[in-house]
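Engineer: structure of the sequence below:
(one chain, ligands or ions: 2)
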Amino acid sequence: MTDQASGSSVSCADPEAPSTLTVAAAREAILANITPIETNLRLPLRDALNAVLAQDIVSPIDVPGHTNSAMDGYAMAGSDLPQQAYRDFNLIGTAVAGAPFDQSCGEGECIRIMTGAPMPAGTDTVVMQEQTTLVNESLVRISQGQHPGQNVRLAGEDIAQGSVVLKPGRRLTPADLGILASLGFAEVTIRRRPRVAFFSTGDELRSIGEPLAAGEVYDSNRYSLHGMLQKADVELLDLGVVGDDPDALRQAFDRAAEAADMVVTSGGVSVGEADYTKTILQQLGDMQFWKIAMKPGRPLAFGKLGDSNFFGLPGNPVAVMVTFYQFVLPALHYLATGTPYTPFTLQALSGQNIRKKAGRYEFVRGLMQRLEDGSYQVDTVGRQGSGILTSMSRGNCFILLPEDCDGIECGDTVIVQPFETLA
Ligand code: AMP
Ligand code: MG
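Structural biologist: Ligands and ions are numbered 1, 2, ... in the order given. Predicted coordinates:
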């Protein structure tokens, strides 16, 4: 460990607290400890949306499979087009998408052609119907100004036979499913989805439906976690609420690690008397505990429980969401795809001054909106305490204020991360 904020992967953000990590250093250390999933399975195309591709998709065919017309009109040889005035072409047949014209088109001849129909032999050009005049039933007048080769889609211009269309590690999009179908794939090989077990810890927590006694609170973290995990497209195992009891916690840790690739808990990672998460992770697995120079969400326990990856998130509801999005989500992405996560960010103009101390990363909840000139403005959503969960629901983005930032003035450009893009 060094005292410098840059360079080393385990760098300190605050020289007065040598065990405090920067956000970037914590992310790096997490990725270094995760081994991406390598188990594959075959899925029918319709079930494969959002799944992570585990094979090279090599095109067995050209798409389009044949050179065809991009317009309804008339096909002819481009060399026959008039250089000036006009020329009348003899109409000798019709080509439709499902019924090609199977003879050849000679000099001075043309063929009525519909969009998608294969180009008949002897033709390489289509003139749009709207730009022609039918002189009589068998004579089509074409004026100058047309170009040889126009309005034709070439065989293989979208996908060439033998080319690699999609690569392993890619999450399949609706467009990808269409492409796979256009190549004739009925099934694809994909990676198994990560299994994530999660539970809340705390004697004060009650499940919804139970009455609250004095000092008790409803367990909300399990619901925000459930939602975030569901969006991250993982298999979920909800292990409920576990009290601040070492034996019960040990049992829950074992059960979770047995069943899942990743275990996520909330609460019990601070330095209070009932904070057992670190001790138990140490007993049952390998623990790394960090104070991360960030707000909210300073304490984070990370480690291994057998082959499983463990995240002990803080208990405060906003801190849970911020640490999930900033650390667990990139880890899940790497676990699922084998590729690092690249956050989507935008620039926006701050609508007000934001006070901030240099030395820690702050994830301020903001509400961004598009202005008439197309730029974005972002305003903070009021109270920002780590227990104020409404700040996450009223906001639509994080305003990212890195360690070296020492405050924002109204009109300054800031980087924002839209919540919509977090999945
Ligand atoms: P802890 O880190 O366990 O001391 O928890 C910090 C704060 O978060 C306390 O006020 C807890 O009551 C609260 N908290 C912990 N877990 C939850 C939860 N699952 N749902 C709502 N609040 C929680
Ligand atoms: Mg607690």
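
Engineer: and the pLDDT at residue 386?
Structural biologist: Note on residue 386: pLDDT of 90.

Engineer: my guess is it contacts residue 316, does it?
Structural biologist: Yes - judged on CB atoms under 8 Å, residue 386 makes contact with residue 316 at a distance of 3.9 Å. For every residue, glycine as well, the C-beta is placed using N, CA and C.

Engineer: what does the stretch 301-423 of the chain put close to ligand 2?
Structural biologist: Neighbours of ligand 2 within the stretch 301-423 of the chain, by CB under 5 Å from the ion: residue 315.

Engineer: pick out the residue of the stretch 301-423 of the chain closest to ligand 1.
Structural biologist: Ranked by CB to the nearest ligand atom, the top residue of the stretch 301-423 of the chain for proximity to ligand 1 is residue 315, at 2.3 Å.

Engineer: returning to what we had before: need the overlap of contacts for residue 386 and residue 316.
Structural biologist: Common contacts of residue 386 and residue 316 (CB atoms under 8 Å, 6 or more residues apart in numbering): 296-297.

Engineer: can you pull out the helices in the stretch 201-350 of the chain?
Structural biologist: Using DSSP state H, counting those that start in this stretch, the helices of the stretch 201-350 of the chain run over residues 221-231, 246-259, 277-284, 317-323, 329-337.

Engineer: for residue 131, find the nearest of those.
Structural biologist: Ranking those by proximity to residue 131 (CB to CB) places helix 329-337 first, at 49.2 Å.

Engineer: helices and strands around that closest one, which ones?
Structural biologist: helix 23-32, strand 262-266, strand 308-313 (3 or more CB pairs under 8 Å, 6 or more residues apart in numbering; DSSP states H and E).

Engineer: next, the angle from the second one to strand 308-313.
Structural biologist: What that stands for is strand 262-266. Inter-element angle recorded for strand 262-266 and strand 308-313: 20 degrees (by axes from the mean of the first three to the mean of the last three CA atoms, to 10 degrees).

Engineer: so what's residue 56 closest to, chain neighbours aside?
Structural biologist: Residue nearest to residue 56 in three dimensions, not counting chain neighbours: residue 164, with 5.3 Å by CB to CB, 6 or more residues apart in numbering.

Engineer: residues contacting that neighbour?
Structural biologist: Going by CB under 8 Å, 6+ apart, residue 164 touches 56-59.

Engineer: who does it bridge with?
Structural biologist: Judged by DSSP bridges, the bridge partners of residue 164 are residue 58.

Engineer: now swap in residue 188 and tell me
Structural biologist: residue 43.

Engineer: for residue 418, same thing?
Structural biologist: Per DSSP bridges, the residues bridged to residue 418 are residue 397.

Engineer: my guess is it contacts residue 369. True?
Structural biologist: No - counting by CB under 8 Å, residue 418 does not reach residue 369; the two are 11.4 Å apart.

Engineer: chain neighbours aside, what residue packs nearest to residue 299?
Structural biologist: Nearest residue to residue 299 in three dimensions, chain neighbours excluded: residue 269, at 4.9 Å (CB to CB, 6+ apart).

Engineer: please apply the same query to residue 405.
Structural biologist: Distance criterion CB to CB, 6+ apart; nearest residue to residue 405, sequence neighbours excluded, is residue 356 at 5.8 Å.

Engineer: how many neighbours does that neighbour have?
Structural biologist: When neighbours are counted by other CB atoms under 10 Å, residue 356 registers 18.

Engineer: kindly report the same for residue 57.
Structural biologist: By other CB under 10 Å, the residues close to residue 57 number 22.

Engineer: returning to what we had before: separation between the residue nearest to residue 56 and residue 179?
Structural biologist: Taking CB to CB, to the nearest Å as the measure, residue 164 falls 12 Å from residue 179.

Engineer: shared neighbours of those two, which are they?
Structural biologist: In contact with both residue 164 and residue 179: residue 57, using CB under 8 Å, 6+ apart.

Engineer: beta-bridge partners for the residue lying farthest from the centre of the chain, please?
Structural biologist: Within the chain, residue 136 marks the point farthest from the mean C-alpha position, 57.4 Å out by CA atoms, centre = their mean. For residue 136, the beta-bridge partners are residue 139 (DSSP bridges).

Engineer: for the most centrally placed residue in the chain, give me its contacts.
Structural biologist: For the chain, the residue sitting closest to the mean C-alpha position, by CA atoms, centre = their mean, is residue 423 at 5.6 Å. Applying CB under 8 Å, 6+ apart, we find residue 423 in contact with 231-233, 329.

Engineer: please repeat the previous calculation with a cut-off of 10 Å.
Structural biologist: Residues counted as contacts of residue 423 (CB atoms under 10 Å, 6 or more residues apart in numbering) are 50, 171, 228, 230-233, 325, 329, 333.

Engineer: could those residues be laid out in JSON lines, adding distance to residue 243, pLDDT and neighbour count?
Structural biologist: Below are those laid out as JSON lines (distance: CB to CB, whole Å; pLDDT from 0 to 100; neighbours: other CB atoms under 10 Å):
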{"residue": "50", "distance to residue 243": "36", "pLDDT": "95", "neighbour count": "14"}
{"residue": "171", "distance to residue 243": "38", "pLDDT": "96", "neighbour count": "19"}
{"residue": "228", "distance to residue 243": "24", "pLDDT": "97", "neighbour count": "21"}
{"residue": "230", "distance to residue 243": "26", "pLDDT": "96", "neighbour count": "11"}
{"residue": "231", "distance to residue 243": "29", "pLDDT": "94", "neighbour count": "11"}
{"residue": "232", "distance to residue 243": "28", "pLDDT": "94", "neighbour count": "21"}
{"residue": "233", "distance to residue 243": "31", "pLDDT": "91", "neighbour count": "16"}
{"residue": "325", "distance to residue 243": "27", "pLDDT": "98", "neighbour count": "21"}
{"residue": "329", "distance to residue 243": "28", "pLDDT": "98", "neighbour count": "19"}
{"residue": "333", "distance to residue 243": "32", "pLDDT": "97", "neighbour count": "22"}
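
Engineer: done for today, thanks.
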